[in-house]
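K.L.:
how would this look folded up:
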Amino acid sequence: MTLKEKKPSASIHTDDGFYKLTRPRKAVSVSTIWALDAFTAENGGTEVIEGSHLWSDEQVSQACDSPTNLKPIEMDAGSLVIFAGTMLHRGGGNNSSTMRRAFSNQYCEPWGRQQESFMVSVPRERVSLMSNVVQELLGYSIYAPFMGQLAGRHPQKSLAEGYVNSLIVDDEEIGLGS
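P.N.:
Next up is the predicted model:
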């Protein structure tokens, strides 16, 4: 395959399709793409199917099988595009000799399971030095009254000096600890 024959970098998908809720429906997430480089049709800018966020499951399935009406998002470096997690899109094929770099983040409803477990991936020692707002964005928060608990407690308590998970304490009390 030559540079001019590059295929799209991803199949058509939605970013919140793993939430098994019947469509059409309200989006559970919002997707963002921050362009570090310009996005063009030539360098494989993200392609969207406008209006697809309102479609039924059947319409989405048909569009994924035989995509039509794909429109490239073109934007300057430093620009941001925001779209519903229910919108069909894909990365385009890069037919240029330059890179197309970006940051892509998805933000979900507080009750929705996130795609990546930031709470587990960022070391506790680093998180404890961050602001409360950043800690909450990483998952050290709850959705009232109790969704997001950690061993039955608010997850921010795990950042305290000398924290011991209550499950370990319980195990030691009933003789299961080492």
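K.L.:
every contact and neighbour count from this point should use C-alpha atoms.
P.N.:
Noted.
K.L.:
what secondary structure does residue 158 sit in?
P.N.:
Three-state assignment for residue 158 (DSSP: H, G, I helix; E, B strand; the rest coil): helix.
K.L.:
tell me the contacts of it?
P.N.:
Counting by C-alpha atoms under 8 Å, 6 or more residues apart in numbering, residue 158 touches 150, 164, 165.
K.L.:
quick check: the residue nearest the centre of the chain vs residue 94, distance?
P.N.:
Nearest residue to the geometric centre of the chain (C-alpha atoms, centre = their mean): residue 106, 3.3 Å. Look at residue 106 and residue 94: by C-alpha to C-alpha, to the nearest Å, they are 23 Å apart.
K.L.:
then residue 153?
P.N.:
Residue 153 is 48 Å from residue 94, where distance means C-alpha to C-alpha.
K.L.:
about what we covered before: from the contacts of residue 158, which is closest to residue 17?
P.N.:
residue 150 (26.5 Å; C-alpha to C-alpha).
K.L.:
burial count for the closest one?
P.N.:
Per other C-alpha atoms under 10 Å, the neighbour tally for residue 150 reads 18.
K.L.:
contacts only, for it.
P.N.:
residue 158.
K.L.:
my guess is residue 154 contacts residue 143. True?
P.N.:
No: the pair residue 154 and residue 143 fails to qualify as a contact (C-alpha atoms under 8 Å) at a distance of 10.1 Å.
K.L.:
more crowded one of the two?
P.N.:
residue 154 (15 against 11).
K.L.:
ok, so what distance separates the nearest residue to residue 37 once chain neighbours are set aside from residue 18?
P.N.:
Spatial nearest neighbour of residue 37, excluding adjacent residues (C-alpha to C-alpha, 6 or more residues apart in numbering): residue 77 at 4.4 Å. The spacing between residue 77 and residue 18, counted by C-alpha to C-alpha, is 30 Å.
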